[in-house]
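Chemist: quick one, what's the 3D model for this:
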Amino acid sequence: MKASLALEELKGFGKKSRVSDLARFYKTGPGEYAEGDVFLGGTVPQTRSVASTYKKIELAEVQKLFDSPFHEARLCAAIILNLQFKAAKSPQDRKKIFDFYLKQVRAERINNWDIVDVSAPWMGVYLTEVEDPMPLLIKFSKSKSLWQRRVSIILTFALIRAGDLKPTIIIAESLLKDKEDLIHKAVGWMLREMGKKDVMLLRGFLKQHSHEMPRTMLRYAIERLPEKERKKWLIESKS
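Modeler: As a prediction, the model looks like this:
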């Protein structure tokens, strides 16, 4: 199977009537976070169906999809990686896929929030198998790249699920002063997920940092707390 065939299928699903709406939704205009991204006009379920069909292609072919100017092709490539990672039989195979993923992150081919969010939770599973995930996470959290910073916090989702909550705290603290709304949402989301595992840890984080958390980050983080408590944190954060 070849990447060119997958791309043809993705193009076959494209509808010109959807392209402008997708471009607006994913902020592709001048000065916006995904400036210049190009869409075919397909849907996410359609992209997933193509990824499922081509899930066994070689990484060299996955690379061709990542190299595509079309958003759906890069999203398809990320989903294929997820499927290959899930099917990997050995730590060596998972490491190979994870390293390939990092190559795409560093090359800015994981370059919109949906591609980050569909891939980083799966790829983060590899971090549960390494001795110390923090150097990589911290490095990405300090990157000039918006997408690398978002990857740094979303990768911790897998660690949260595995019961390792400290990395989320450390990366959330590293990103507290970030100016991008997409980072505020991602950090708040991961703090909320952490709170599902240990609500007292979340409350401790809020007690220490709520006064300096961007409003969006705070709202996302407290979303699952009781309404009365949510109001308390919102009020206290203004004082």
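
Chemist: buried residues in the helix or strand hosting residue 78?
Modeler: Under the criterion of DSSP states H and E, residue 78 resides in helix 71-87. Buried residues in helix 71-87, counted by 16 or more other Cβ atoms under 10 Å: 71-85. C-beta: built from backbone N, CA, C; applies to glycine.

Chemist: show me what it is packed up against.
Modeler: Here helix 71-87 touches helix 3-13, helix 44-53, helix 59-66, helix 91-106, helix 113-123, going by 3 or more Cβ pairs under 8 Å, 6 or more residues apart in numbering; DSSP states H and E.

Chemist: what helices or strands is the third one leaning on?
Modeler: Where contact means 3+ Cβ pairs under 8 Å, 6+ apart, helix 59-66 is packed against helix 3-13, helix 71-87, helix 91-106.

Chemist: now tell me what touches it from outside.
Modeler: Helix 59-66 is contacted from outside by 1-4, 6-7, 54, 73-74, 76-78, 80-81, 96-97, 100, 104, 107, 109, using Cβ atoms under 8 Å, 6 or more residues apart in numbering.

Chemist: likewise for stretch 127-144?
Modeler: With Cβ under 8 Å, 6+ apart as the test, stretch 127-144 has contacts from 91, 94, 102, 105, 148-149, 151-153, 155-156, 158-159, 162, 164, 167, 170-171, 174-175.

Chemist: try stretch 207-224
Modeler: Contacts to stretch 207-224, defined as Cβ under 8 Å, 6+ apart, come from residues 173, 176-178, 181, 184-185, 187-189, 191-192, 195-196, 202, 205-206, 229-230, 233-234, 236-237, 239.

Chemist: so which of the residues you listed are in helices?
Modeler: 173, 181, 184-185, 187-189, 191-192, 195-196, 202, 205-206, 229-230, 233-234, 236-237 (DSSP state H).

Chemist: can you give me the distance of residue 158 to residue 125?
Modeler: Residue 158 sits at a distance of 4 Å from residue 125 (criterion: Cβ to Cβ, to the nearest Å).

Chemist: now residue 138
Modeler: On the measure of Cβ to Cβ, residue 138 and residue 125 end up 19 Å apart.

Chemist: more neighbours: which of those two?
Modeler: Taking neighbours as other Cβ atoms under 10 Å, residue 138 and residue 125 compare with residue 125 leading, 19 against 14.

Chemist: residue contacts, that one?
Modeler: 85, 94, 158.

Chemist: flag every buried residue along the lowest-mean-pLDDT helix or strand in the chain.
Modeler: The weakest-scoring helix or strand in the chain, judged by mean pLDDT, DSSP states H and E, is helix 227-238 (a mean of 90). Buried residues in helix 227-238, defined by neighbour count with 16+ other Cβ under 10 Å: 230, 233, 237.

Chemist: can you say which of the helices and strands packed on helix 59-66 is nearest to residue 38?
Modeler: Nearest of the helices and strands packed on helix 59-66 to residue 38, taken as Cβ to Cβ: helix 71-87 at 6.5 Å.

Chemist: next, the angle helix 91-106 makes with that closest one.
Modeler: 160 degrees (axes from the mean of the first three to the mean of the last three Cα atoms, to 10 degrees).

Chemist: so where is this protein shaky, pLDDT-wise?
Modeler: Scanning the chain with the threshold set as pLDDT under 70 gives 1, 239.

Chemist: hang on, the earlier thing: could I have the buried ones of the contacts of stretch 127-144 as ChimeraX selection syntax?
Modeler: Buried residues within the contacts of stretch 127-144, by 16+ other Cβ under 10 Å, are selected in ChimeraX with:
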select :94,102,105,148,149,151,152,153,155,156,158,159,167,171,174,175
